[in-house]
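Colleague: kindly generate the corresponding structure for this input.
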Amino acid sequence: MARNTLAGKGKSNNTEKTGRDYKKEYKDFQGSEKQKRYRAELNKANRDAGSYGNKDGKDMSHQKNGKLVKESQSKNRARQGRDGRSTKK
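Modeller: Numbers count the residues shown, from 1 in each chain. Alright, predicted model coming up:
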């Protein structure tokens, strides 16, 4: 089997191609107090539902009325709601 000679030679710099600093965007958004509280709320709900860290493939998902329900991770994370809101009922 041929060895990958490029492995570990450094990361590409996408900012030159796209003009965006993805690392900074991620840090600014995920590091905000609002996003930290939101993530903590979902993690707590997952723990309370017994679904946190057991690899059952379920996440807690927000419905439009604010209720949290279990849903498969792939469906929950793939949904792109309008204005960042849930498209569920």
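Colleague: which residues touch the longest helix along the chain?
Modeller: Of all segments of type helix in the chain, defined using DSSP state H, the longest is helix 33-48. Contact with helix 33-48 is made by 29-30, 52, 59-60, 68, as judged by C-beta atoms under 8 Å, 6 or more residues apart in numbering. Where C-beta positions appear, they are placed from N, C-alpha and C, glycine not excepted.
Colleague: tell me where the chain has helices.
Modeller: Along the chain, counting by DSSP H, helices occupy 15-18, 22-30, 33-48, 73-78.
Colleague: quick one, the third one and helix 22-30 angle?
Modeller: Think helix 33-48. For helix 33-48 against helix 22-30, the angle by axes from the mean of the first three to the mean of the last three C-alpha atoms, to 10 degrees is 70 degrees.
Colleague: what about helix 33-48, distance to the chain center?
Modeller: Mean-position distance between helix 33-48 and its chain equals 12 Å (C-alpha atoms, centre = their mean, to the nearest Å).
Colleague: what are the buried residues along it?
Modeller: Buried residues in helix 33-48, counted by 16 or more other C-beta atoms under 10 Å: 42, 45-46.
Colleague: helices and strands of this protein: which one bottoms out on pLDDT?
Modeller: The helix or strand of the chain with the poorest confidence is helix 15-18; it has a mean of 69 (mean pLDDT, DSSP states H and E).
Colleague: ok, Ser51 to Met1 distance?
Modeller: To Met1, Ser51 is 39 Å away according to C-beta to C-beta, to the nearest Å.
Colleague: neighbour count winner among the two?
Modeller: With neighbours defined as other C-beta atoms under 10 Å, Ser51 and Met1 compare such that Ser51 has more, 17 against 3.
Colleague: who are the contact partners of the more buried one?
Modeller: Counted by C-beta under 8 Å, 6+ apart, Ser51 has contacts 58-60, 70.
Colleague: next one: Tyr52
Modeller: Contact analysis of Tyr52 by C-beta under 8 Å, 6+ apart lists 43, 46.
Colleague: try 6 Å this time
Modeller: Applying C-beta atoms under 6 Å, 6 or more residues apart in numbering to Tyr52 gives the contacts Asn46.
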